[in-house]
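Enquirer: Pasting the sequence and the predicted coordinates here, then a few questions.
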Amino acid sequence: MISSADHHPRFLKTTIPPPSNHSELRVAPPGSRLQLEFIHGCSKRGCRGNILHMNNKGRLVYPAAACGTVLDIENNTQQIFNKHTDDVVCIAKHPNGDLFATGQIGRNKNDIFVWSSSSPSEPLAVLETFHHFKNAGVIDLCFSKDGTKLAAVGGDVMNSTLVVYEWQSQTLLGSCKAHSGDVYDLSFSSDDSKILLCGKNSAKFFELTNGLQARQAVFSPRGVGQTVYCTCYDPSGNPICGVKDGSLYAFVGNKLVYKKDAHSGACYTCYRTENGFITGGRDGKVIWWEFTSEQVEGIHLFRQVASLNLVDPIQSVVPSNVERDVVYATRGNGDLVKITNKMQVDILLVSHVAEKDDELWGLCTIPGSNLFLSAADDGRLIMWDLSTHKHVQQLKVTTKGELRSVAFSPELSHIATATKHGTLFVYNFDGSSISSQPFVNEKKAAEEVAALQYSPDGTLLALGSHDNFIYILNTSDYSLKFKLVGHSSFVTHIDFSSDGKWLRSNSGDYEALLWDMTTGKQVVKHGINMEDIDWHTVTCSLGWKVRGIWKTEMDGTDINAVDVFYGKQLLASADDFGTVTLFHYPTASLRPPSEQYIGHCSHVTNVRFTSDGKYLLSAGGADITICQWRIL
C-alpha cells in the first residue's frame, strides 16, 4: 500500500512532460521473471583461505559475488546458492564432500549458511553471527574433521573473534579473541582437539578442551616469525604451513621443527593429496610434494616431485577426485585452469580482475548472436558466449587506463570501448572474433566516457563524458562532427531515437536533455515532447516512462543503469543495493509491481537484455562478475 508520505523523489524533473498517451499507460506487473543461470567470473577480492573446492560428485565449488557456485566442469553449467546478501568471502567443505558453509561480509547481515552442493536451493542451517562479529562480517571458517562442528573467525580485522558451533543444532560451543591482524586460513587438527589460525605475522593454536585457550606458534630457532597463509596436515596430523617467504613450516604441537624451501615468493595455498600435497605461490608455481618414509621429530618428510610455472600468482589449488593426475587452480589474473599430467594447462573460466578499487561497468550485447562484451578497469575487453558459458576472446586493450564503456554497431561490425580518461578504442569484428589491434586509438574526451552508443544506422558514435560534454563522431573516420554543450554536470546515459534524428541524455545533476542530430543543438522549444519520440534504446534512467523505478527514499545516484526489451514490455534496473529489479514497461506510477533479484554483492553497474529477449545480463561493480539471467 502506498502511504500519503510516498512521492516521487524531488530530483525527478517536473520539466519532463508525460507522453501524449499517458492516460493509456497501465500499471502492471512484469509478465516474466528471472532465473540466475550462470555467473561469469569468480570473486577473489576480500576472500580468505582456499576458495576452490571439489565436491563428492567432481564439481568445483567456489564463491562468486553474493553466491556459492557449483560448476559442472563437463557441461559447463552451474547450480547456485544465492541466499546471501553481500560478498561471499569464505567457503568451507564438509568432510562428506556434499555440504559447504559460506560466510559473507556486511554490516547488518553477516550470517553463515550451510547448504548442499547437490541441491543448493535452500540452506540446511543458518548461523547468526552478528552478536559476535558486529558490523564486520565473517572472515574465514572451517568444519571439524568429524563434521559436527563449524569454526569461524569474524569481526574487526584488528580485533577478530573466534566462534565454534555445533552447526546442526546451531549451538554456540565457545568464543574467544582470535587475532589482531589479517586472518588467512582456519583449520581443525586431525583429531579435532585444536583449531589452527594462520594470520599476519603469526599462527595460533586454540585448544577446544581448554576453553579455546590460545598458544602462539613458536618459530625460533628453526625459522622466523612471519605471515602464515595456509595449512595442510601430514599423515601423523602435524600441520604443514605455507609462509610469506615461500617456505613450508612443519609444526609438532605449536613448535616449528622442520623448514623446507618451496616458492620464491609467498606460499598462498596448499591442499592435501593421497600421498602428499600441492602448493601454489606468488611466484606462479604449482608444486607437487610427496611424503617419504623418513621422519624428523615426528614430522613426515616430503620431497618435490614436480612443478609447473603458470606465471601469475596461484591463489587456490584443488586436486580432482574423479580424474587421475588432474589439478584445478585459480590464478591472480582471474583464470580458473585445469592442469593435466603436471604439464598441460587448459583455461576453463576467465574473470575480470579487481585491484583495490577497480570495477566493472562496460557491458553490451551483439544482436543476432549468442555473444556479449564486457569492459572493466583491468583494461580488458572480454567476449563471452551465452550458450556455452565460456569466454570466446579477451584483449588487453590498455595498461594506462580503465575501460568504462563498450558499444557494438551491427551495421559496421565495429566494437568501441572507452576509458576513464577519455580515450576511445575501436576494433573490427568479423562475426566470431575481434581484431587484435584497434584501428582507432585516440583521446576524444577530457574525462571518463561513461556512456557510449552507436546510432541505429551506424553512421554516428556518441560519447557521453564526465567532462559534461557529449561528443558525436562520424564513424567513417571517427572524426568529431558535433560537440554537444549544455549539461552542467557529468553525462551518465544517452539514447538515440529509432530514426537517428534525436539524442537524449542524462547527467549527474539529474538533467534530461534532448538534442537534434542534424544540427548538434539542444532542443528547448516546447513543440517537441521527448516522451513521444520512438527511442532505439532505453538506457536513460530519467524520464516519464521509467520514473516508476525510483522510490521515495532514493537519491539520484542509487540507480546506475536501466534497459528495456520492447518485445516483452520489460524494464530492468541496476542499483547500488546489489539488486536487479524487473518492471513492466512503461512504468510511471509510484511503487509499481516489480520483482527483485539478488546475485551481486555490490552495486550493480549495468544491465542489458539480449536482442532475442531470452536473457538479461547484469554487471557487478566491485564483484566484477556478470550474472546471466534466463527470462522465464
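Expert: In hand now; what should we look at?

Enquirer: And Arg475, how close does it get to Thr365?
Expert: Just so we're on the same page, residue 475 is Thr rather than Arg. Counting by Cβ to Cβ, to the nearest Å, the gap from Thr475 to Thr365 is 19 Å. C-betas here are computed from N, CA, C, even on glycine.

Enquirer: Oh, that last question was meant for Gly567, not what I typed.
Expert: Shown here: Gly567 relative to Thr365, a distance of 14 Å by Cβ to Cβ.

Enquirer: Compare these two (neighbour count), which wins?
Expert: Set side by side, Gly567 and Thr365 show more neighbours around Thr365, with 20 against 10, by other Cβ atoms under 10 Å.

Enquirer: tell me which residues in stretch 616-632 are buried?
Expert: 616-629, 631 (16 or more other Cβ atoms under 10 Å).

Enquirer: ok, so of the residues you listed, who is nearest Gly508?
Expert: When the buried residues of stretch 616-632 are compared for distance to Gly508 (Cβ to Cβ), Gly621 wins out at 16.6 Å.

Enquirer: how near is the closest residue to Val218 other than its chain neighbours to Thr537?
Expert: Leaving aside its sequence neighbours, Val218 sits nearest to Lys255 (Cβ to Cβ, 6 or more residues apart in numbering; 4.7 Å). Applying Cβ to Cβ, the value for Lys255 to Thr537 is 66 Å.

Enquirer: More neighbours: which of those two?
Expert: Remark: of Lys255 and Thr537, Thr537 carries more neighbours, 20 against 13, as counted by other Cβ under 10 Å.

Enquirer: Might one say that Val228 is in contact with Ser202?
Expert: Yes: using Cβ atoms under 8 Å, Val228 is in contact with Ser202, at 7.0 Å.

Enquirer: how about the worst-scoring helix or strand of the chain on mean pLDDT: buried residues?
Expert: Using mean pLDDT, DSSP states H and E, helix 130-133 stands out as the lowest-scoring helix or strand of the chain, at a mean of 84. Using 16+ other Cβ under 10 Å as the test for burial, helix 130-133 gives 132-133.

Enquirer: which residues sit against it?
Expert: Here helix 130-133 makes contact (Cβ atoms under 8 Å, 6 or more residues apart in numbering) with 108-111, 154-155, 161, 163, 175.

Enquirer: Correct me if wrong, but Val70 is in a helix.
Expert: No: using DSSP: H, G, I helix; E, B strand; the rest coil, the assignment for Val70 is strand, not a helix.

Enquirer: Distance of it relative to Leu124?
Expert: 15 Å.

Enquirer: Please say which of those two ends up with more neighbours.
Expert: With neighbours defined as other Cβ under 10 Å, Val70 and Leu124 compare such that Val70 has more, 24 against 15.

Enquirer: Contact partners for the more buried one?
Expert: 55, 59-61, 78-81, 117, 120.

Enquirer: does the residue nearest to Ala65 when sequence neighbours are not counted sit in a helix, a strand or a coil?
Expert: Of all residues not flanking Ala65 in the chain, Asp623 sits nearest, at 4.1 Å (Cβ to Cβ, 6+ apart). Secondary structure assignment for Asp623 (three-state DSSP): coil.

Enquirer: Please verify my assumption that Asp623 contacts Gly599.
Expert: No: here Asp623 does not reach Gly599: they are 9.2 Å apart, not a contact under Cβ under 8 Å.

Enquirer: Quick check: neighbours shared by the two?
Expert: 65-66.

Enquirer: what's the pLDDT at the residue nearest to Val218?
Expert: As predicted, Lys255 sits at a pLDDT of 97.

Enquirer: That one and His179: what is the separation?
Expert: 19 Å.

Enquirer: So which residues of the stretch 501-632 of the chain form strands?
Expert: 502-507, 512-516, 521-522, 559-565, 570-575, 579-584, 594-598, 604-609, 615-620, 626-631 (DSSP state E, counting those that start in this stretch).

Enquirer: and the angle from the second one to strand 502-507?
Expert: Per axes from the mean of the first three to the mean of the last three Cα atoms, to 10 degrees, the angle that strand 512-516 makes with strand 502-507 is 150 degrees.

Enquirer: With just CA atoms, put stretch 54-66 into PDB.
Expert: In PDB, the C-alpha atoms belonging to stretch 54-66 read as follows (Å, rounded to 0.1, in the frame of the first residue of the first chain):
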ATOM      1  CA  MET A  54      35.700 -30.100  -5.300                       C
ATOM      2  CA  ASN A  55      32.500 -31.800  -4.000                       C
ATOM      3  CA  ASN A  56      31.900 -35.600  -3.900                       C
ATOM      4  CA  LYS A  57      30.500 -35.500  -7.400                       C
ATOM      5  CA  GLY A  58      33.500 -34.000  -9.000                       C
ATOM      6  CA  ARG A  59      32.100 -30.500  -9.300                       C
ATOM      7  CA  LEU A  60      34.000 -27.400  -8.400                       C
ATOM      8  CA  VAL A  61      32.600 -25.200  -5.700                       C
ATOM      9  CA  TYR A  62      33.700 -21.600  -5.100                       C
ATOM     10  CA  PRO A  63      32.300 -18.100  -4.200                       C
ATOM     11  CA  ALA A  64      31.200 -15.700  -6.900                       C
ATOM     12  CA  ALA A  65      29.700 -12.300  -6.000                       C
ATOM     13  CA  ALA A  66      27.000 -12.900  -3.400                       C
END
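
Enquirer: so how far is that stretch off the chain centroid?
Expert: 15 Å (Cα atoms, centre = their mean, to the nearest Å).

Enquirer: Ok, stretch 214-227 next?
Expert: Stretch 214-227 sits 36 Å away from the centroid of its parent chain (Cα atoms, centre = their mean).

Enquirer: Give me the contacts around it.
Expert: Residues contacting stretch 214-227 (Cβ under 8 Å, 6+ apart): 176-177, 182, 184, 199-207, 228, 243-245, 247, 249, 251, 254-259, 266.

Enquirer: And for stretch 21-36?
Expert: Contacts of stretch 21-36 (Cβ under 8 Å, 6+ apart): 19, 67, 80, 82, 531, 544-545, 568-571, 580, 582-584, 586-589, 592-595, 597, 599, 616, 627-632.
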